[in-house]
Structure formats: structure tokens, C-alpha cells
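*Asks:* starting from these lines, generate the structure:
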Amino acid sequence: MITWHEEKRLDVPIEEAWHIFDHDRLQRLIPGVVQHEVIERKPEVVGSTYRQTYMQGNRLETYIVTDLAYRNEQDFKQNTIGFTLAKIFKLEMTFTLKRLDETSCQLIYTGKNEGANFVGRSLLSLGGERETEKIVQELLRRVEQEANQLRT
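*Replies:* Have a look, this model is predicted:
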């Protein structure tokens, strides 16, 4: 299993930063997502499901994303999602925002990627950590770019 925990200060108010993660902006954060559609939206968000299609090289992968946890408070916002990719990897990611002051917040991005079977565990042990680190850093870079655009 591969885990990560990254933190980054965003110089935008927490409410504006929260909108960076809106469903209609998802493709800006993860360009490989070619389709994202709501299957079921629950009133309390937890348990909501989405069908997502991701382009990996020349191959399209479709999977179901589920909201596992959700909090939307004035000074603290958090969303945890989970999905199984290609029946090989089980991923869980949490995006947390904590208000620092009126104009900034702290982004905490944590997650885990574990093999769903022998093949997945083997692939992760053969360099999955480097690839995951690259993906995590790229996502953080895009979040920061989106936050910077909100400031201008």
C-alpha cells in the first residue's frame, strides 16, 4: 500500500478554495478525466456516486467514485472519495481545507493506493510509489494554479 500526506497553503479564502474541487472543475484538476457524471447525489453527500471515465494512454477506464465522508463548515471543509481502478487498485483520497485567516487556508491532501489483488500489489511494489508521488505533486500544482487564478 502507498500512502501520502501533503500540505499546501492557498492564498485564497476557504470558500473560494472549496469551489476549486467542484464537479464542473474536475477536469481542470485531473485532465485525464474525460467524463464525470452523477449517478446518485445524496442529500448529505456521503454515499453519492459518480461515473468517471479516465484516459490512461490510449485506454479508457470507467469506474464508480463514491463520497465516503463529507464536512462543509465555515472553517473546515473535507471530502473523502474512494474508487477501484481497473479492478487492480483501490484508491481513497481526502481533500481537507482549514481556514487560516480571512484570505487563506491550508490544503491537506491525503490518500492511499492499495492493490485490490495480487497483480495490483505487485505493480505497486514495482515503482508505484514514484508514479503516485508524481501524480500527487501534479494535482497539487494544478490546485495551486487554480487558486492563483482566483486571486487575479
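
*Asks:* distance between the ends of stretch 97-106?
*Replies:* Distance between the boundary residues of stretch 97-106 (Cα to Cα, to the nearest Å) amounts to 5 Å.

*Asks:* tell me which stretches of this protein form strands.
*Replies:* For the chain, the strands defined by DSSP state E occupy 2-10, 33-40, 49-56, 59-72, 76-85, 89-101, 104-115.

*Asks:* can you put the ones you listed in TSV and add distance to E144, mean neighbour count and mean pLDDT?
*Replies:* For glycine as for every other residue, the C-beta is placed from the backbone atoms N, C-alpha and C. Formatted as TSV, the strands of the chain follow (distance: least, Cβ to Cβ, whole Å; neighbours: other Cβ atoms under 10 Å; pLDDT from 0 to 100):
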stretch	distance to E144	mean neighbour count	mean pLDDT
strand 2-10	6	15	96
strand 33-40	19	12	94
strand 49-56	22	16	92
strand 59-72	22	14	95
strand 76-85	17	17	96
strand 89-101	13	17	97
strand 104-115	9	18	96
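
*Asks:* switch those over to CSV; also include distance to R121.
*Replies:* CSV is the format used below for these (distance: least, Cβ to Cβ, whole Å):
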stretch, distance to R121
strand 2-10, 11
strand 33-40, 25
strand 49-56, 19
strand 59-72, 18
strand 76-85, 14
strand 89-101, 9
strand 104-115, 3
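
*Asks:* select, out of these, the one closest to Q27.
*Replies:* Evaluated with Cβ to Cβ, these place strand 33-40 nearest to Q27, the distance being 5.2 Å.

*Asks:* quick check, distance from that closest one to the centre of its chain.
*Replies:* Remark: strand 33-40 is offset 14 Å from the chain centroid, using Cα atoms, centre = their mean, to the nearest Å.

*Asks:* alpha carbons of it, as CSV, please.
*Replies:* C-alpha atoms of strand 33-40 as CSV (Å, rounded to 0.1, in the frame of the first residue of the first chain):
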residue,chain,number,x,y,z
VAL,A,33,-10.8,12.6,-16.7
VAL,A,34,-12.8,12.8,-19.9
GLN,A,35,-16.2,12.3,-18.4
HIS,A,36,-17.7,12.8,-14.9
GLU,A,37,-21.4,12.2,-14.3
VAL,A,38,-23.6,12.0,-11.3
ILE,A,39,-25.2,8.6,-10.8
GLU,A,40,-26.8,9.4,-7.5
